[in-house]
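Peer 1: coords below, sequence missing:
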Ligand SMILES: [Zn+2]
């Protein structure tokens, strides 16, 4: 199915969201204490890569991950994510006007992909629960319940989003994943999922440790996030919309995220980049592309050729949208 950026991020509403975010960046982060961090994937010492809205992004020369450093303290992010004007706008306005398109174009295919992976890796021991970390609007959970006999529990710290999920009759734990204690979730085989969350994490290792400690042997963990090797991020640099502080702090890539997961005890089953939007994003931002080859490709190729190129980008692991499936051994 063809997906365009306009369908899931209509420019007019998205720009209003960005304006609110710019104000929140000042209100919640300008005076926040900041500290230098090493590469969240491998611990390497990053080098300056881009500046955006007063946030500095570094590139790790060892594993090619990109990350925000110096990083504002955790309290600033907690206050921002729990109840700020831009997160409220996202939950109540932005998401609502895009929900129908997102359900069709993003969540239904995602539910299919997750079901396929659960079926592939459950090995005669059926998964009973989906634990959706940062479940947002709960659309994924509605969709997976439509196509699978499975219970869904959403972990969602935002008061606005948790309320929306409850109104849909979904089970919600209104907390950050890091606050969940082992044993707090019901017994039975689980598949933990988190979509577009990992790039927001203040401390990726603490998050992975929490998930790992909550998981029981053979539980699955499937998550999507942004890849630093994504073609739009590589070609657009600071102009890439994906570089959006205070939201996106960590951009690992299929190799670096796999190494980090293994270091934290997970067995990595698959690390792929099934993205669909890269070419669309590049076409809309051609003025920022310096590389003459890619500039020419985007004007010279027709729609059909560009669709083939998008498929190649995804299958070669070069899309900025990445999906990882792993298991607790
Ligand atoms: Zn690194």
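Peer 2: Cool, got the structure. Remember, it's a predicted structure, so these values are computed and weren't measured experimentally. Residues are numbered from 1 along each chain as shown.
Peer 1: what about the residue of the stretch 151-300 of the chain found nearest the ion, how many neighbours?
Peer 2: The nearest approach of the stretch 151-300 of the chain to the ion comes at residue 256, 5.8 Å away (C-beta to the ion). Glycine gets a C-beta too; all of them are placed from N, C-alpha and C. Using other C-beta atoms under 10 Å, the number of residues around residue 256 comes to 26.
Peer 1: Residue 67 versus that one, what's the distance?
Peer 2: Applying C-beta to C-beta, to the nearest Å, the value for residue 256 to residue 67 is 10 Å.
Peer 1: Residue 175 contacts residue 155, doesn't it?
Peer 2: Yes: between residue 175 and residue 155 there is a contact under C-beta atoms under 8 Å: 6.4 Å.
Peer 1: Which neighbours do those two have in common?
Peer 2: Residues touching both residue 175 and residue 155 (C-beta atoms under 8 Å, 6 or more residues apart in numbering): none.
Peer 1: Which one's more surrounded, these two?
Peer 2: For residue 175 versus residue 155, neighbours defined as other C-beta under 10 Å are more numerous around residue 155 (25 against 14).
Peer 1: Next, that one: phi, psi?
Peer 2: phi -100, psi 110 (degrees, to the nearest 10).
Peer 1: Got the phi and psi for the residue of the stretch 151-300 of the chain closest to the ion?
Peer 2: According to degrees, to the nearest 10, residue 256 has phi -70, psi -30.
Peer 1: And it, how far from residue 215?
Peer 2: Distance from residue 256 to residue 215, by C-beta to C-beta: 22 Å.
Peer 1: now do residue 282
Peer 2: 37 Å.
Peer 1: Also residue 248?
Peer 2: 25 Å.
Peer 1: show me where the stretch 51-200 of the chain has helices.
Peer 2: Applying DSSP state H, counting those that start in this stretch to the stretch 51-200 of the chain gives helices spanning 74-82, 85-89, 95-102, 108-121, 139-147, 159-167.
Peer 1: How far off centre is the fifth one?
Peer 2: I take that to be helix 139-147. 18 Å (C-alpha atoms, centre = their mean, to the nearest Å).
Peer 1: now swap in the third one and tell me
Peer 2: In terms of C-alpha atoms, centre = their mean, the centre of helix 95-102 is set 17 Å apart from its chain centre.
Peer 1: quick one: average pLDDT of that helix?
Peer 2: For helix 95-102, mean pLDDT rounds to 84.
Peer 1: Which strands or helices does the helix or strand of the chain with the lowest mean pLDDT pack on?
Peer 2: Least confident helix or strand, the chain: helix 5-8 with a mean of 75, by mean pLDDT, DSSP states H and E. Packed against helix 5-8 by the contact rule (3 or more C-beta pairs under 8 Å, 6 or more residues apart in numbering; DSSP states H and E) you find helix 95-102, helix 278-284.
Peer 1: 6 Å - rerun?
Peer 2: helix 95-102 (3 or more C-beta pairs under 6 Å, 6 or more residues apart in numbering; DSSP states H and E).
Peer 1: Going by neighbour count, which residues in stretch 254-273 are buried?
Peer 2: 254-261, 266, 268, 271-273 (16 or more other C-beta atoms under 10 Å).
Peer 1: Please apply the same query to stretch 35-52.
Peer 2: 37, 39-42, 44, 46, 49-50, 52.
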